[in-house]
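K.L.:
Need a 3D model of the sequence below.
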Amino acid sequence: MEAKRVIKRPLITEKATMIKEKENKYVFAVDRGASKGAIKRAVEELFKVQVEGVNTSIMGGKLRRMGAFAGHRPDWKKAIVKVKKGQEIKMVEEA
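P.N.:
So this is what the prediction gives:
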């Protein structure tokens, strides 16, 4: 799987910003079928950094209602990527 299809977008939340500053970890929404190895290779290729570790979790989709109609948001996968000390990934909000 090519790198741009593995990593969908960075997750920029308050919690993600805190772990980026304290632990040098970055959070991404990734393809559901992507393995930890594929995520590691994609981050290294796209951002030219060395990855120390990858943690993933499947986030369950939520129930959404609009009046009498109910639907379900899709499940998605989140990856928390630890980058070697001294290296960083430039995110969109920093540019």
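
K.L.:
separation between residue 20 and residue 26?
P.N.:
Distance, residue 20 to residue 26, by C-beta to C-beta, to the nearest Å: 6 Å. Backbone N, C-alpha and C define where each C-beta goes, glycine included.

K.L.:
Neighbour count for these two, which is higher?
P.N.:
The residue with more neighbours, out of residue 20 and residue 26, is residue 26; 23 against 18, by other C-beta atoms under 10 Å.

K.L.:
CA-only coordinates of the host helix or strand of the more buried one in PDB, if you can.
P.N.:
Per DSSP states H and E: residue 26 is located in strand 25-30. The C-alpha trace of strand 25-30 is given here as PDB (Å, rounded to 0.1, in the frame of the first residue of the first chain):
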ATOM      1  CA  LYS A  25       4.400  11.400  19.700                       C
ATOM      2  CA  TYR A  26       2.200  12.300  16.700                       C
ATOM      3  CA  VAL A  27      -1.400  11.200  16.100                       C
ATOM      4  CA  PHE A  28      -2.800  10.200  12.700                       C
ATOM      5  CA  ALA A  29      -6.000   8.800  11.200                       C
ATOM      6  CA  VAL A  30      -4.900   5.800   9.100                       C
END
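
K.L.:
pLDDT on that strand, on average?
P.N.:
For strand 25-30, mean pLDDT rounds to 97.

K.L.:
just stretch 51-61 next, same as before
P.N.:
Here the average pLDDT along stretch 51-61 is 97.

K.L.:
ranges for the helices of this structure?
P.N.:
3-6, 14-23, 36-47 (DSSP state H).

K.L.:
for the strand holding residue 26, which positions count as buried?
P.N.:
Buried residues in strand 25-30, counting neighbours by 16 or more other C-beta atoms under 10 Å, are found at 25, 26, 27, 28, 30.

K.L.:
measure the second one to residue 86 for me?
P.N.:
This means residue 26. 15 Å.
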